[in-house]
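**Student:** Make a model of this:
(2 chains)
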Protein chains: 2
Amino acid sequence: MEKKIRTINSLNTRSFSAHLDEVVLRNGVRGKRIRIDHPESAAVIPFVSNSEILLVRQFRYALGRETLEIPAGKVDPGETPDECVKRELHEETGYRAGEIKYLYTYAPAIGYSNELIHIYSGHGLKKIDDKIDDREISDVERLSLEQLNALIKKGDILDGKTIIGLSIMEIMSSNL
Amino acid sequence: MEKKIRTINSLNTRSFSAHLDEVVLRNGVRGKRIRIDHPESAAVIPFVSNSEILLVRQFRYALGRETLEIPAGKVDPGETPDECVKRELHEETGYRAGEIKYLYTYAPAIGYSNELIHIYSGHGLKKIDDKIDDREISDVERLSLEQLNALIKKGDILDGKTIIGLSIMEIMSSNL
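**Tutor:** Residues are numbered from 1 along each chain as shown, chains lettered A, B, ... in the order given. So this is what the prediction gives:
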């Protein structure tokens, strides 16, 4: 257990913040911790057929490069994760899901962030919009699960939630 | 592509920092981004037998709760990820690995961090120390892969790198 003494300084954007806290560590010594205070997020594995999904190509500023990942985003104030994931799918791909299924909730960066990501699969997809969110997304790609697996095997998928999404479907449907 | 104009403010600890940057977004509009500048990390799935691994129980300040996770830590300056993962295994569990195998590198929090986590499996473990790092670790637990799978199925494993570690072993050894 580590206890906060005070917040020394903070950084703020419209959607989340970072804080530098002075804390008392497990052994009684004082230390400093950076913590990101982040809203919950939701991500979706969007099935456009039984074996094919949609991925989005997106430039990630903190990482300084483009990634190929499942659609996702921050849950807005007053929104549920279910509503968020449908909105993000629409904004990022132009598709609406007839049905979403909840799969898992995990914490991506437990060392410095309280973010929780809720993962869903999306089914019964229909294209309802040709326009996508061009502030963030540079391309939408259609891949089979085999193609995505092959990209992971080559080490080409950097994004954690995309790997977890694919894996958690397997784990949840296994009989172990 | 998003380009940095300037860094407005920063938070610093000994091992990493957070920055608030003013940037130009894809569509030409100015915006703000928080980015964590983090060293690389390494994590290990430590096999104490063919079917059993070690997990550590640790209080995570940013999350405000205890988690059960594979041993991991930040790569020190001048250290390789291989060296880091052996050191962290020793510090957190008291065990030395006879052999480590590299599995994958992924980015846990691409929205706001440049952290990369290198994942390994550890084999030929020998206990060489009874003392563990009590600033961080409250307990070391021995679980079968079946037990860990069951915990994930119940939604009890919050830590992303632990789920990815288990999954990536499966993906890398599959014939797809």
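**Student:** give me the element A:Ile152 is part of.
**Tutor:** Applying DSSP states H and E as the criterion places A:Ile152 in helix A:145-153.
**Student:** packing partners for the next helix or strand after that helix?
**Tutor:** Moving toward the C-terminus from helix A:145-153, the next helix or strand (DSSP H and E) is helix A:160-173. Under the contact criterion of 3 or more CB pairs under 8 Å, 6 or more residues apart in numbering or on different chains; DSSP states H and E, helix A:160-173 touches strand A:41-46, strand A:65-69, strand A:95-106, strand A:117-127, helix A:145-153, helix B:145-153, helix B:160-173. Every residue, glycine included, has its C-beta placed from N, CA and C.
**Student:** okay, the angle between helix A:160-173 and helix A:145-153?
**Tutor:** If you take axes from the mean of the first three to the mean of the last three CA atoms, to 10 degrees, helix A:160-173 sits at 120 degrees to helix A:145-153.
**Student:** Quote the end-to-end distance of stretch A:24-43.
**Tutor:** 35 Å (CA to CA, to the nearest Å).
**Student:** quick one: is that stretch near chain B?
**Tutor:** Yes. Counting by CB under 8 Å from any CB of the partner chain, contacts between stretch A:24-43 and chain B involve A:Leu25, A:Arg26, A:Asn27, A:Val29, A:Lys32, A:Arg33, A:Ile34, A:Arg35, A:Ile36, A:His38.
**Student:** roughly how far is that stretch from the heart of the chain?
**Tutor:** 20 Å (CA atoms, centre = their mean, to the nearest Å).
**Student:** With stretch A:96-108 instead?
**Tutor:** 10 Å.
**Student:** Same check on stretch A:81-95?
**Tutor:** Taking CA atoms, centre = their mean, one finds the center of stretch A:81-95 at 12 Å from the center of the full chain.
**Student:** quick one: low-confidence parts of chain A?
**Tutor:** Applying pLDDT under 70 to chain A flags residues A:175-176.
**Student:** ok so, going back, who's in contact with the helix holding A:Ile152?
**Tutor:** A:51-53, A:55, A:68, A:143, A:157, A:162-163, A:166, B:104, B:168, B:171-172, B:174, B:176 (CB atoms under 8 Å, 6 or more residues apart in numbering or on different chains).
**Student:** got it, and stretch A:13-21?
**Tutor:** Under the contact criterion CB under 8 Å, 6+ apart, stretch A:13-21 has outside partners A:4-11, A:32-39, A:74, B:11-13, B:18, B:20, B:32-34, B:36, B:61, B:112.
**Student:** can you list the domains in chain A?
**Tutor:** Following automatic domain parsing, chain A resolves into domains at A:3-37, A:41-173.
**Student:** Residue of chain A nearest chain B, please.
**Tutor:** Nearest to chain B, among the residues of chain A, is A:Ser167, at 3.2 Å (CB to the nearest CB).
**Student:** Name all residues that make contact with that residue.
**Tutor:** A:Ser167 neighbours (CB under 8 Å, 6+ apart): B:Ile163, B:Ile164, B:Leu166, B:Ser167, B:Ile168, B:Glu170, B:Ile171.
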